[in-house]
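**Student:** predicted model, plus sequence, below.
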Amino acid sequence: MNGPLRSKQGCWTCRLRKKKCDEKHPFCSTCESLSITCYGYGQLKPDWMDNGEKEKAMANSIKQVVKHTSRRKGRLATSITQLQKHYSGKRADPTVVKIAPKSTGASSSSSPGSKHEADQPNTESSPPEYSTQTNSLPRSSNEPTPELTSTRSDPSSIPAVAGNEAVLLMHFLDNVFCLQYPLYKPGVIEGGRGWLLSLLLRTKPLYHASLALSAYHRSMMFVTGHGYSHGSSGIIEQQKHLTICLDELQQAIKEVGNYVSHTCPTNSLGMMASTVQLIFFELFAGHGDAWKIHLHAANMILRGPRRIDNTSHFLKMPLKDLHLTAEGENPEDVYQGWKSEELVIFRFLSAVIAWLGIISCITTGRTPGIIHLLPDEVSDTETNLETVMGCSNCVMVQVSRIAALHEYRQDALQRGFGDCEEFRRKADDIKRDLQSGIAESSLSFLSISDAEFASACNPFITPQMFTTQLYAIAASIYLHLVVFGYSKEKSEPLNAMVSGAVTLIRRHIPADLTHALVCPLYIIGTAIRSEDEPTFRHIFSSPPLLDPSLEHRARFLPLLEKIWVMREIGWDWNTVIQLSGSNLLLL
């Protein structure tokens with residue numbers, strides 16, 4: 001490229017754009033405000049900065065991103081205003097769904113449903129053509145679920161997916177989804193993962209959010225596995241799909257008020273799934289705290305319909321009672337027009353949002369919204385966290401109660417009350433429930449002091465049993481740190497819990513399960529003794545936990561190192577939150 005770059009010390013993105021950079025770390029404010037990727041600092045240039053075609057392509061891509069972001073922000077403001085007006089007449093506290101804008105450099109002209117594509121089925125259209133009347137949201141309860149339809153005259157033909165998108169779609173199904181949910185193994189009665197493909201192919205924003213995540217993951221695999229990258233073309237590809245996804249979500253926001261006011265929650269499944277997928281994209285790609293806005297949006301989508309219709313009785317129905325027969329649906333399934341597939345999707349997404357909401361509050365210091373949203377469902381129904389992330393509902397509820405306890409204490413301290421009787425009572429209740437849960441655990445028979453016996457028992461320990469046990473121990477440590485902090489004066493009970501946890505990790509943790517246990521491992525890691533540091537350094541600096549495609553995980557070990565340095569002076573859990581910047585998701 002001709003002409004000197006404006007900043008010699010700024011981020012590579014600002015230097016490419018010839019703009020002033022405030023050099024804020026890890027991402028400059030200019031890039032963050034424009035929702036474009038900040039390519040960081042240092043002497044090593046990005047591979048696209050070659051003073052040639054790659055650099056020109058990247059400059060044009062970013063230019064389109066900035067232009068598109070400006071237009072999108074205007075549309076989003078209008079959408080939110082409309083949504084606020086709709087809710088203002090229905091409830092005192094209007095619910096606003098916020099979607100975080102993100103970088104993209106491509107037009108959404110290749111989106112499915114456009115008139116141009118309807119005449120050209122072989123263009124890069126995705127997902128395959130289907131009914132476009134409500135292609136951003138599932139239909140209302142009195143309409144049939146949209147089926148895939150072909151754009152060709154031959155009624156027996158199957159709609160085609162463009163070759164490059166077919167590669168990304170299969171990569172997502174084969175590699176990315178199982179990376180997101182390593183412990184999710186749906187049974188035959190639920191139709192396996194068939195619901196996922198069905199939802200992908202009828203929900204444009206979800207489809208493109210998934211392809212964006214797939215493109216990112218695939219690019220990282222090329223870099224680490226083959227020593228080369230797709231360069232700017234890979235970046236443009238993932239951002240193209242992000243553009244389409246976000247455009248569709250903004251359009252969906254305009255309609256969400258009408259849907260939640262007189263229909264059941266099934267109409268928000270597509271939006272809910274799309275927003276969850278954006279959480280993972282922002283997180284995996286290391287885009288700061290952008291995931292928080294998407295998580296908030298997912299919670300708003302989930303809670304909106306539930307305030308209108310009480311579906312708790314329906315959610316408690318066993319899946320076997322909702323199985324569709326050749327003659328039609330089970331009579332109970334007529335309730336609110338739900339089908340068994342929709343129920344499976346809703347329960348899965350509810351569990352995912354509950355899981356992400358609870359673990360996010362560990363490092364943000366806030367009460368999980370899910371604690372008020374689904375208290376009964378999380379504890380008693382088939383909205384089962386264990387099937388999605390491995391830990392039983394009862395333990396995760398205790399984790400959420402501890403997060404709420406931390407916020408309660410911080411608020412009390414700000415008001416000048418300090419520790420009070422109510423705080424101690426709440427802490428004692430949680431401690432008692434945790435101890436009872438650990439005692440009744442399926443692993444209570446396991447003698448962690450008997451290495452030979454423990455080794456022999458390994459084949460009988462399921463991933464869910466181990467995950468629940470480790471989360472329960474980590475929750476007990478978390479509770480101690482919230483109540484007492486880390487200090488030598490009160491270290492004896494803490495050391496006993498940590499010692500048991502470390503022994504369990506060393507002797508029992510399956511190698512292929514480590515990457516699914518980031519949250520309990522991090523909590524335990526904050527309170528370990530100095531002699532246990534090498535073990536945790538190895539865990540957090542090695543595969544499978546450390547994965548190049550999961551950029552946010554590179555932050556975990558440096559933060560633990562900072563906490564370990566403070567062992568002599570002591571610290572409390574609020575210190576852990578402050579060190580993480582309140583934007584760390586333990587995933």
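**Tutor:** Ah, there it is.

**Student:** C-alpha only now, for contacts and for neighbours.
**Tutor:** Fine.

**Student:** what's the neighbour count on P548?
**Tutor:** Burial of P548, expressed as a neighbour count using other CA atoms under 10 Å, amounts to 18.

**Student:** what do you get for N495?
**Tutor:** Residues near N495, counting by other CA under 10 Å: 16.

**Student:** what packs against whichever strand or helix holds it?
**Tutor:** Remark: N495 resides in helix 491-508, with elements defined by DSSP states H and E. In terms of contacts (3 or more CA pairs under 8 Å, 6 or more residues apart in numbering; DSSP states H and E), helix 491-508 is packed against helix 451-457, helix 463-483.

**Student:** give me that answer again for 7 Å
**Tutor:** helix 463-483 (3 or more CA pairs under 7 Å, 6 or more residues apart in numbering; DSSP states H and E).

**Student:** got a list of contacts for the helix it packs on?
**Tutor:** Taking contacts as CA atoms under 7 Å, 6 or more residues apart in numbering, the residues outside helix 463-483 that touch it are 386, 390-392, 395, 399, 402, 406, 434, 438, 441-443, 494, 497, 501, 520, 523-524, 572-573.

**Student:** quick one: average confidence on the helix holding N495?
**Tutor:** Per-residue pLDDT values over helix 491-508 give a mean of 88.

**Student:** gap between the residue lying closest to E386 once chain neighbours are set aside and G437?
**Tutor:** In space, E386 comes closest to S392 once its chain neighbours are excluded; the distance is 4.7 Å by CA to CA, 6 or more residues apart in numbering. Taking CA to CA, to the nearest Å as the measure, S392 and G437 are separated by 10 Å.

**Student:** those two: who's more crowded?
**Tutor:** S392 (22 against 18).

**Student:** hang on, isn't the more buried one packed against Q398?
**Tutor:** No: distance between S392 and Q398: 10.5 Å, which falls outside the contact criterion (CA atoms under 7 Å).

**Student:** alpha carbons only: can I get the helix holding N495 in PDB?
**Tutor:** Presented in PDB, the C-alpha positions along helix 491-508 are these (Å, rounded to 0.1, in the frame of the first residue of the first chain):
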ATOM      1  CA  SER A 491      -6.500 -22.000  56.000                       C
ATOM      2  CA  GLU A 492      -7.000 -25.300  57.700                       C
ATOM      3  CA  PRO A 493     -10.500 -26.200  56.500                       C
ATOM      4  CA  LEU A 494      -9.600 -24.700  53.100                       C
ATOM      5  CA  ASN A 495      -6.400 -26.700  52.800                       C
ATOM      6  CA  ALA A 496      -8.300 -29.900  53.600                       C
ATOM      7  CA  MET A 497     -10.800 -29.300  50.700                       C
ATOM      8  CA  VAL A 498      -8.100 -28.300  48.300                       C
ATOM      9  CA  SER A 499      -6.000 -31.300  49.200                       C
ATOM     10  CA  GLY A 500      -8.900 -33.700  48.500                       C
ATOM     11  CA  ALA A 501      -9.700 -31.900  45.200                       C
ATOM     12  CA  VAL A 502      -6.100 -32.100  44.000                       C
ATOM     13  CA  THR A 503      -5.900 -35.800  44.900                       C
ATOM     14  CA  LEU A 504      -9.100 -36.400  43.000                       C
ATOM     15  CA  ILE A 505      -7.700 -34.600  39.900                       C
ATOM     16  CA  ARG A 506      -4.400 -36.300  39.900                       C
ATOM     17  CA  ARG A 507      -5.800 -39.900  40.300                       C
ATOM     18  CA  HIS A 508      -9.100 -39.800  38.500                       C
END
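
**Student:** now name the helix or strand holding I569.
**Tutor:** Secondary structure here is read from DSSP H and E; on that basis I569 sits in neither a helix nor a strand.

**Student:** got phi/psi on it?
**Tutor:** According to degrees, to the nearest 10, the main-chain angles of I569 amount to phi -90, psi -20.

**Student:** for it, which non-adjacent residue is closest in space?
**Tutor:** S487 is the one closest to I569 (CA to CA, 6+ apart), at 7.5 Å.

**Student:** three-state assignment of the nearest residue to H552 once chain neighbours are set aside?
**Tutor:** Nearest-residue entry for H552: G286, 5.0 Å, with adjacent residues in sequence omitted and distances by CA to CA, 6+ apart. Using DSSP: H, G, I helix; E, B strand; the rest coil as the criterion, the local structure at G286 reads coil.

**Student:** and G286, how far is that from S549?
**Tutor:** With the distance defined as CA to CA, G286 ends up 9 Å from S549.

**Student:** circling back to that earlier point, buried set for the helix holding N495?
**Tutor:** Buried residues in helix 491-508, counted by 16 or more other CA atoms under 10 Å: L494, N495, M497, V498, S499, A501, V502, L504, I505, H508.
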